[in-house]
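*Asks:* Okay, structure incoming, though there's no sequence with it:
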């Protein structure tokens with residue numbers, strides 16, 4: 001086998017092996033856990049947040065605060081988060097909707113990182 005043909009064959013074989021490994025890695029990945037899953041595990045039903053209507057509705061911060069406590073208490077709980085307390089924002093104070101960061105049915109978002117490099121984790 002000529003050298004250039006051998007190198008092509010070897011490269012193609014490596015690419016095929018690499019491509020074959022991708023699905024195995026994806027299959028081994030854990031299923032996504034969203035904040036709604038954590039609520040469900042603690043016995044919180046969909047209706048507890050969304051109400052009993054047939055159409056799922058936006059959940060306002062007031063509903064979240066009914067279980068998680070007043071805004072001032074949340075700000076105290078996260079007072080040590082650096083470089084800024086996310087529940088006492090210099091821009092929004094404590095009045096930002098919870099769902100901006102704590103998305104229940106998708107991955108949570110560190111909203112501050114849209115402009116800053118605050119690398120704290122959002123539960």
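*Replies:* Done, it's in. Please read all numbers here as calculations on a predicted model, not as lab measurements.
*Asks:* what sits against residue 39?
*Replies:* Residues in contact with residue 39 (Cβ atoms under 8 Å, 6 or more residues apart in numbering) are 48, 49, 104. Any C-beta I mention is one placed from the backbone N, CA and C, and that applies to glycine too.
*Asks:* Let me see the ranges of the helices in this structure.
*Replies:* Remark: helices assigned in the chain by DSSP state H are 3-28, 35-41, 46-50, 61-68, 71-77.
*Asks:* hey, least reliable of these by pLDDT?
*Replies:* Of all the helices of the chain, the segment with the smallest mean pLDDT is helix 3-28, scoring a mean of 58.
*Asks:* Quick check: residue 111 vs residue 80, distance?
*Replies:* Taking Cβ to Cβ, to the nearest Å as the measure, residue 111 falls 19 Å from residue 80.
*Asks:* swap in residue 123?
*Replies:* 15 Å.
*Asks:* Number of residues surrounding the closest residue to residue 58 other than its chain neighbours?
*Replies:* Closest residue to residue 58 apart from its sequence neighbours, by Cβ to Cβ, 6 or more residues apart in numbering: residue 99 at 7.4 Å. When neighbours are defined as other Cβ atoms under 10 Å, residue 99 has 17 of them.
*Asks:* again, but for residue 86
*Replies:* Residues lying near residue 86 (other Cβ under 10 Å) number 19.
*Asks:* list the contacts for it?
*Replies:* 78, 101, 112, 118, 120, 122.
*Asks:* what's the pLDDT at residue 32?
*Replies:* On the pLDDT scale, residue 32 gets 61.
*Asks:* An error on my part: the question was meant for residue 2.
*Replies:* For residue 2, pLDDT reads 61.
*Asks:* would you list the contacts of residue 39 in a markdown table and tack on distance to residue 66 and neighbour count?
*Replies:* Below are the contacts of residue 39 laid out as a markdown table (distance: Cβ to Cβ, whole Å; neighbours: other Cβ atoms under 10 Å):
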| residue | distance to residue 66 | neighbour count |
| --- | --- | --- |
| 48 | 9 | 15 |
| 49 | 10 | 17 |
| 104 | 15 | 18 |
